[in-house]
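In: quick one, structure for this:
(one chain, ligands or ions: 1)
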Amino acid sequence: MDRDNDAAVVNTHFRQTLLAINQVLGDKAAMDIYFAANLENFSTALLADNMGKTFNGYDYARILETIEITYGDRGPRILRRIGKESFHIVLREQPGWMNTGKRVFKLWSANQRSQFMLEAIVESQRKIYPNHEIWMEEKNGELAYIEQNCLVCYGRKSSHPVCHLTTGFIKEAIHWASDVDFEVRETSCTAMEDAYCRFVIAKSTATSQST
Ligand SMILES: [Zn+2]
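Out: Next comes the predicted model:
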């Protein structure tokens, strides 16, 4: 697979992330981040809400990396909050996305609901990135979400997993669907030279708390 060719970010996706960044950091701090990431000419107003691809994965990953560096120890938590916010932006902007879920959720267990949610995320990601390898796994009672062409860490090198935004998105989505707080952990990351980014969803014994 030609990773460079498949590394362009869909405009709607890029825009939703920037909206979430602005919402979590505030407009001024968000603009400081775009400056620090050498992306000061980008603003949400310039971004088209369509399936075109104006920006590449390097731009996208650099913004997220700049947030991580700028906020130090708080960086991962802030990025998870941005992921959480992104989920609500997607829900708001694609209100039909979860229609089927809402009809059947009442009849289902938390595990069934979280599995439905994860399948819905896989499906919607495959729809906007048809050339990407994205799939779900179920092993020993644990669900996992796997992306081989992750844009969140595109071009990055790290000794630890860095896709906090995806972790926050999945955690919030599953919490929204199931009303149960599941722990979500990134166990493999392409930034660590793993073959894919893998997010494991395990039922948490912790009480619900926002991270
Ligand atoms: Zn990753």
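
In: near the ion, which residues of the chain are found?
Out: Applying CB under 5 Å from the ion, we find that the chain lies next to the ion at Cys150, Cys153, Cys163, Cys189, Cys197. To be clear about C-beta, it is placed using only N, CA and C from the backbone, and glycine gets the same treatment.

In: give me the residue at the spatial middle of the chain.
Out: Residue closest to the mean C-alpha point of the chain, counted by CA atoms, centre = their mean, is Thr166 at 2.9 Å.

In: helices and strands of the chain: which one bottoms out on pLDDT?
Out: The weakest-scoring helix or strand in the chain, judged by mean pLDDT, DSSP states H and E, is helix 99-104 (a mean of 80).

In: from the chain's centroid, how far away is that helix?
Out: Put simply, helix 99-104 sits 22 Å off its chain's centre (CA atoms, centre = their mean, to the nearest Å).

In: roughly how far apart are Ala8 and Asp73?
Out: From Ala8 across to Asp73, the span is 32 Å (CB to CB, to the nearest Å).

In: for Tyr145, that is, sorry about that
Out: 26 Å.

In: quick one, which of the two is more surrounded?
Out: Tyr145 (26 against 6; other CB atoms under 10 Å).

In: do I have it right that Glu119 meets Met136?
Out: Yes: with contact defined as CB atoms under 8 Å, Glu119 reaches Met136; the gap is 6.2 Å.

In: can you give me the mean pLDDT across the helix or strand containing the residue nearest to the centre of the chain?
Out: Using DSSP states H and E, Thr166 falls within helix 164-178. Across helix 164-178, pLDDT averages out at 96.
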